[in-house]
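Participant: Whatever this is, show me its structure:
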Amino acid sequence: MLVAAFLSILSSAVGTMAILLPLIISVAHDLHMSRSRLIYPLAAVANISTACTFLGQGASNMMWNDVMMRIGGKIPFTIWDFTIARMPAILLAIVYGIFIAPKLLPDIPDSAFDDTMNYGAGKEKEDANPKQKLAAVISLLTIAAMLVLDYFKIVPMYLSACIGAALLIATGVLSEKEALGSIHGPTMFLFIGMLPLSDALKITGAADVVASQIQLLLGNTTNPYLIMAVFFIIPLIVTQVMSNIAAIAVFIPLISSVAVSIGVDPRAAVMGTMVASGTSILTPMSCACQAMIMAPGGYTLKDYLKCGTPLALLITVVSIILLPILYPFYN
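Facilitator: Sure, this is the predicted structure:
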């Protein structure tokens with residue numbers, strides 16, 4: 001999970017799981033452990049850690065600061081505010097993943113999964129070592145390309161991954177049948193279906209309806225914790241059925257506008273939106289990272305809810321208490 005957090009900070013949750021998923025499956029196989037108890041905590045930490053600095057996906061953080069300031073914010077964020085505000089959620093996710101998550105996740109034997117990964121046995125044993133070495137070289141080069149070339153905006157991360165996958169087939173490490181078999185249809189269509197849902201919320205004006213309902217919920221209250229609860233819980237719920245990036249794009253302008261209109265500093269509300277949208281761990285529809293792990297981990301929607309809900313509640317409580325202290329509503 002520490003590695004997942006580090007890689008996610010450097011790149012994104014999707015890139016991190018693309019790198020770590022085959023590694024953790026291999027580790028589970030070698031140690032005769034249930035991969036189902038290991039994969040979800042990694043994905044949750046990767047999700048929650050993304051964009052907590054100015055690196056990787058966090059390169060857009062100051063853009064959200066600019067949106068807040070244009071709408072009427074008086075005090076801007078610094079680059080490190082995003083790290084300070086999100087670190088408690090990351091630490092909570094790591095501790096939770098170590099001590100609690102494995103007890104709530106299914107214990108599915110590794111032998112129950114039909115993977116295309118070849119661990120080298122029987123008559124394949126003789127040529128297993130050369131193939132393993134070639135696979136390792138291609139994989140490491142692909143990982144390096146995904147991190148370095150995407151960071152310097154030379155080649156997009158997805159293109160580096162596609163080139164690496166094509167090389168595995170071209171060099172004979174994987175057959176065409178094995179490569180096609182590794183593409184999980186339900187996961188692919190789940191992710192594709194998420195995209196028009198996100199667009200529909202913005203294009204149809206449903207997002208404006210949400211903003212008016214937020215103002216209605218708040219009424220005339222001046223309690224900072226009640227205000228923070230409303231600002232945090234609504235994005236948290238919505239991000240479970242749409243991309244977390246889309247949730248941030250929809251809610252930061254809305255939340256900033258509502259905060260300014262009721263006369264409070266919008267910083268805590270904006271940061272709450274960032275943390276809440278990053279806690280997209282309760283459904284496989286919440287983000288591509290969670291969709292990626294559904295088939296390899298053997299998870300159902302019930303598993304996501306059972307393991308993710310306690311962590312989401314912990315992050316919600318800590319954020320509602322902490323954020324108004326870090327960024328007071330009333331100056």
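
Participant: for the helix or strand containing Ile325, packing partners?
Facilitator: Element membership for Ile325 (DSSP states H and E) is helix 301-326. Counting contacts by 3 or more CB pairs under 8 Å, 6 or more residues apart in numbering; DSSP states H and E, helix 301-326 is packed against helix 36-49, helix 81-99, helix 101-104, helix 224-238, helix 267-278. To be clear about C-beta, it is placed using only N, CA and C from the backbone, and glycine gets the same treatment.

Participant: Deepest-packed of those, please.
Facilitator: helix 267-278 (a mean of 28; mean count of other CB atoms under 10 Å).

Participant: contacting residues around the nearest residue to Arg37 once chain neighbours are set aside?
Facilitator: Nearest non-adjacent residue to Arg37, counting by CB to CB, 6 or more residues apart in numbering: Pro102, 4.3 Å away. Pro102 makes contact with 37-38, 41, according to CB atoms under 8 Å, 6 or more residues apart in numbering.

Participant: Now with 10 Å, please.
Facilitator: 33-34, 36-38, 40-41, 307 (CB atoms under 10 Å, 6 or more residues apart in numbering).

Participant: Go through the helices and strands packed on helix 301-326 and name the closest to Lys153.
Facilitator: helix 81-99 (20.5 Å; CB to CB).

Participant: which residues of the stretch 51-200 of the chain score low on pLDDT?
Facilitator: 115-128, 184, 186-188, 190-195, 197-200 (pLDDT under 70).

Participant: for it, what spans make up the helices?
Facilitator: 61-71, 81-99, 101-104, 125-151, 157-170, 176-181, 185-203 (DSSP state H, counting those that start in this stretch).

Participant: Could you export the third one as CSV, CA atoms only?
Facilitator: If I follow you right, that is helix 101-104. The C-alpha coordinates for helix 101-104 follow below in CSV (Å, rounded to 0.1, in the frame of the first residue of the first chain):
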residue,chain,number,x,y,z
ALA,A,101,-10.1,-4.7,5.1
PRO,A,102,-8.8,-8.3,4.8
LYS,A,103,-11.3,-9.4,7.4
LEU,A,104,-14.2,-8.0,5.4
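
Participant: in the strand or helix carrying Ser257, what's buried?
Facilitator: Using DSSP H and E, Ser257 sits in helix 244-261. Using 16 or more other CB atoms under 10 Å as the test for burial, helix 244-261 gives 244-260.

Participant: out of the helices of the stretch 51-200 of the chain, which comes closest to Val3?
Facilitator: The nearest among the helices of the stretch 51-200 of the chain, by CB to CB, is helix 81-99 at 11.0 Å.

Participant: Just want the angle from the closest one to helix 267-278.
Facilitator: 40 degrees (axes from the mean of the first three to the mean of the last three CA atoms, to 10 degrees).

Participant: ok, the residue nearest the centre of the chain - contacts?
Facilitator: With distances taken as CA atoms, centre = their mean, the residue of the chain nearest its centroid is Asn47 (2.5 Å). Applying CB under 10 Å, 6+ apart to Asn47 gives the contacts 4, 8, 12-14, 16-17, 93, 244, 277-281, 286-287, 289-290, 308.
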